[in-house]
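Novice: Quick one, fold the following:
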Amino acid sequence: MNKYADRLISQETSQKKDTLWYTAGSMSSALFSMLISLAVTRILGANQAGVFAIAWAAAQLMQSVGWFSMRQFQVSDVEDQFDFRDYLSSKVLTCAAMLAGGFLYAGLYGYSAQKVGLTFLLCCFMTADVFADVFSGFFQHKSKLHLAGKSYVVRIWTSFFVIVAVLLACGNLIAAFTAGFGVSALWLLGFDVPLAMKLDKVKIQFRWEQQRRLFKECFPLFLGSFLLIFIMNVSKNGINSYLSDEVQACYSIIFMPSSVINMFSMFVCVPLYGHVAVAWHQKDRGRFLKLMRNMLLYIFALTAVVLLGGYLLGIPVLSWISGLDLREYKSALMVLLAAGGLYGIIMILNYCITVMRKQKVILFVYVAAAVLVQLLSKTMIVGYGVMGAVSLYLLAMAVICLAFAAVCIHFVALEK
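Specialist: Model (predicted):
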């Protein structure tokens, strides 16, 4: 392993190589969520797919606790305010909070015992993603992002096929994701850790003053991210409370294409984030604006293509691959795709505000949007069903997007 690690570390790197491998890794990560949902639907049926969908949504919310939005801060930490042991050690704390939070959240929303247990297991499964993310940020900071991409590809697809194999063998979600978690954890220990050790010290050491500063710096950004996912989950929790598990399964399927825009935007935009940070810190306003403009134009074009594809092929394809009759959900799908485009823009503007170190503004915007959708949730979903749920999501994305755009324009104007 040492010789293999040395070979990987010594390989020449380039922006093209980093982009290609990170694109493959990001695509694998995004596809996993969609394909595993389809696999559960196909193998276990609509009822169990609905149970899985709400537990998966809750675990994804708790995953934001594990991440604590440190990746963006870690990559943009061009002045090395913190070293890797601070970022790595923080994940022990955030993962503990993530697991405890999964129980608390599921209990507060009145999940059944089956859903509570599954939520906790999925939180355990996602801790591997949390640690993979901090190593990915480390490799990017060391200008070796391609290593993170390679790790993501192998780890994600290996765990996917293991999970599907166990589902086919015994039809048990608990057994399947326990096996998947084991595979992911072993890969991280056998690949990411040895490679990172070749580049720097890999050590869990709680320097409490550094931890306090790091959490303080990232807290506004984390809370904003947490609230954004919370906003996305309001509709799902409403369906869980007022509709059925079968409807939840259908909503989960039509929601999947809305993430395609953000998935493909990550391929192009994430490798450019470091350049955006450097341009801002060097006060190169022209280059900063050019990078932001190019990323936003890419999102607009991608959204247009996805909307057209969704209108022509969305429902027939989704019905075919899921085995569910989704014909009544075409309008809901189009609303979700439009919201997905806004979400992609929000992610870029979010990073822009982070680079400007104005994270606290993000918090105020998300709090306002979260309060809005929570107040409207019952009325919209009870009154209008799935169409009410998707309209609620679109409204929230529009409010956040407009607010973030105004913030970015304001602070860029101040730099003149």
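Novice: Only C-alpha atoms from now on, for both contacts and neighbour counts.
Specialist: Fine.
Novice: Distance from the longest helix along the chain to the middle of the chain?
Specialist: Determined from DSSP state H, the single longest helix within the chain is helix 359-414. Between the centre of helix 359-414 and the centre of its chain there are 18 Å (Cα atoms, centre = their mean, to the nearest Å).
Novice: Please apply the same query to stretch 316-336.
Specialist: The chain centroid and the centroid of stretch 316-336 are separated by 23 Å under Cα atoms, centre = their mean.
Novice: least trustworthy helix or strand in the chain by mean pLDDT?
Specialist: Lowest by mean pLDDT, DSSP states H and E among the helices and strands of the chain is helix 2-10, with a mean of 60.
Novice: Mind checking what helix or strand follows that helix in sequence?
Specialist: helix 15-44 (DSSP states H and E).
Novice: Report the buried residues of that next one.
Specialist: Residues of helix 15-44 classed as buried by neighbour count (16 or more other Cα atoms under 10 Å): 17-32, 34-41, 44.
Novice: How about stretch 276-293?
Specialist: Val276, Ala277, Val278, Ala279, Trp280, His281, Arg285, Arg287, Phe288, Leu291, Met292.
Novice: That stretch: how far from the chain's middle?
Specialist: Relative to its chain's centre, stretch 276-293 lies at 25 Å (Cα atoms, centre = their mean).
Novice: So what's the model's average confidence on that stretch?
Specialist: Regarding stretch 276-293, the rounded mean pLDDT is 74.
Novice: Could you give the separation between the terminal residues of it?
Specialist: Start-to-end span of stretch 276-293 (Cα to Cα, to the nearest Å) is 11 Å.
Novice: With stretch 199-208 instead?
Specialist: Distance between the boundary residues of stretch 199-208 (Cα to Cα) amounts to 24 Å.
Novice: Give the buried residues for it.
Specialist: Counting neighbours by 16+ other Cα under 10 Å, the buried set in stretch 199-208 is Val202, Phe206.
Novice: how deep is Ser89 tucked in, by neighbour count?
Specialist: Ser89 is flanked by 18 other residues according to other Cα atoms under 10 Å.
Novice: Am I right that it is in contact with Gln205?
Specialist: Yes - the criterion here is Cα atoms under 8 Å, and Ser89 meets it with Gln205 at 6.0 Å.
Novice: how about low-confidence regions in the stretch 51-200 of the chain?
Specialist: Within the stretch 51-200 of the chain, no range satisfies pLDDT under 70.
Novice: those helices in it, which residues are they?
Specialist: Using DSSP state H, counting those that start in this stretch, the helices of the stretch 51-200 of the chain run over residues 70-75, 84-108, 113-141, 145-170, 173-187, 193-199.
Novice: the inter-axis angle of the longest one versus helix 15-44?
Specialist: Orientation note: helix 113-141 sits at an angle of 170 degrees relative to helix 15-44 (axes from the mean of the first three to the mean of the last three Cα atoms, to 10 degrees).
Novice: got the contact list for the closest residue to Met62 other than its chain neighbours?
Specialist: Leaving aside its sequence neighbours, Met62 sits nearest to Met98 (Cα to Cα, 6 or more residues apart in numbering; 5.2 Å). Listed by Cα atoms under 8 Å, 6 or more residues apart in numbering, the contact partners of Met98 are Met62, Gln63, Val65, Gly66, Cys123.
Novice: Verify the contact between the third one and Ala96 for me.
Specialist: Spelled out, it's Val65. No - using Cα under 8 Å as the test, Val65 is too far from Ala96 to be in contact (9.4 Å).
Novice: quick one: Val390 from Phe52, how far?
Specialist: 20 Å.
Novice: and if you look at Val153?
Specialist: 24 Å.
Novice: The two: which has the busier surroundings?
Specialist: Neighbour totals were compared for Val153 and Phe52, and Phe52 leads with 26 against 19 (other Cα under 10 Å).
Novice: Phi, psi for Asp200 please.
Specialist: Asp200 adopts backbone torsions of phi -170, psi 170, taken as degrees, to the nearest 10.
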